[in-house]
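Asks: attaching a predicted model along with its sequence, questions to come.
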Amino acid sequence: MESDAIKSFVKKSNGEIRKVKKMLKPYMPLIMRALIVATFIEDGIRVLFDMKSQILFLKEEYYLPSFISGILLLVTTIASLIASGAILSRKPVLEKYGSYFLIGFIFYQQILYGRHSPIGSGNLGFLMRNLCLAGSLLMIVVQGRISDGVSALPGIPDPGDKNSVVIYLQLASRLMIVLLSLEFLTTLGPIGTLITLPIILAVLAGYRVEISGTLLVIMYFLHNILNSAFWQIRSDSARASFDREVKRYEFVQTLSIMGGLMMLITLGPGSLSVDEQIGRRKNF
């Protein structure tokens, strides 16, 4: 009886999620892209309004003259904002080159700030977040190139099956998202970890991704609200201002990671997943 109740609940949940997906389908491509580029827009605006401290950092860390640091920051920041707008336009050519640039911009940021990440999860967390963002952007590029009838990645010969690269990228993206979710397991306590771990493992395996992925999005959202509530830091002291900026950065970047997870839910987990294997057995 309990097994039947669980199956009935899963079936009903799947049905409700599909209804919501159908209702939001016309808007989902733009919503996902807006979330993915949100961190670049927030970061760009922050740098433009805090150019002095950014120049000082580059001067002290890399011994760059203030003039060179200012030009470097200004050019790369404005270019990243333009690239974000190109992705939001959803025009294939603009979206493709915007994604190329932002992937490069991610690695540029990793080189500059990877050793001094202020976020709570430290340098490793900063790296994993950047990898997740790069994977989401790369998925946009791959989809565009395959629809154009060219090889999935520039410079890589067509393996014969144009979908094969997408399949492995979906797997890589799924793995990155799960790894990133591990960063907040330590803050949940034993009970929270026991509740959360099965959801993470389900997404990792590609099992019931519509349900497990949606639950993980909800978890990301709740964790973001509880742990990155920058609006609650109201003091004007130098330390409080710094903490508020860090929390805001974490909050918006988590929204971008949620955009990548929503893309995974929408596109499906790919062939290398439990869901796909179950589907094949049913068809067989």
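Replies: Done, it's in.

Asks: model confidence for the nearest residue to residue 115 once chain neighbours are set aside, exactly?
Replies: In space, and not counting its chain neighbours, residue 115 is closest to residue 123: 6.5 Å by Cβ to Cβ, 6 or more residues apart in numbering. (Glycine included, C-beta is placed from N, CA and C.) Looking at residue 123, its pLDDT stands at 75.

Asks: how about residue 82?
Replies: pLDDT recorded at residue 82 is 96.

Asks: can you name every helix or strand that the helix or strand hosting it contacts?
Replies: In this assignment (DSSP states H and E), residue 82 forms part of helix 66-89. In terms of contacts (3 or more Cβ pairs under 8 Å, 6 or more residues apart in numbering; DSSP states H and E), helix 66-89 is packed against helix 28-49, helix 51-62, helix 92-113.

Asks: which of those helices sits closest to residue 275?
Replies: helix 28-49 (19.1 Å; Cβ to Cβ).

Asks: with just CA atoms, put the closest one into PDB.
Replies: Taking C-alpha atoms only, helix 28-49 is exported to PDB below (Å, rounded to 0.1, in the frame of the first residue of the first chain):
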ATOM      1  CA  MET A  28      11.400  29.600 -20.000                       C
ATOM      2  CA  PRO A  29      14.200  30.300 -22.600                       C
ATOM      3  CA  LEU A  30      14.400  33.900 -21.600                       C
ATOM      4  CA  ILE A  31      14.000  33.300 -17.900                       C
ATOM      5  CA  MET A  32      16.800  30.800 -17.900                       C
ATOM      6  CA  ARG A  33      19.100  33.100 -19.800                       C
ATOM      7  CA  ALA A  34      18.200  36.000 -17.600                       C
ATOM      8  CA  LEU A  35      19.100  34.000 -14.500                       C
ATOM      9  CA  ILE A  36      22.400  32.700 -16.000                       C
ATOM     10  CA  VAL A  37      23.600  36.200 -17.000                       C
ATOM     11  CA  ALA A  38      22.300  37.900 -13.800                       C
ATOM     12  CA  THR A  39      25.700  37.300 -12.000                       C
ATOM     13  CA  PHE A  40      27.600  39.000 -14.900                       C
ATOM     14  CA  ILE A  41      25.200  42.000 -14.900                       C
ATOM     15  CA  GLU A  42      25.400  42.400 -11.100                       C
ATOM     16  CA  ASP A  43      29.200  42.000 -11.100                       C
ATOM     17  CA  GLY A  44      29.600  44.500 -14.000                       C
ATOM     18  CA  ILE A  45      27.500  47.200 -12.200                       C
ATOM     19  CA  ARG A  46      29.300  46.600  -8.900                       C
ATOM     20  CA  VAL A  47      32.800  47.000 -10.600                       C
ATOM     21  CA  LEU A  48      31.700  50.100 -12.400                       C
ATOM     22  CA  PHE A  49      30.600  51.700  -9.100                       C
END
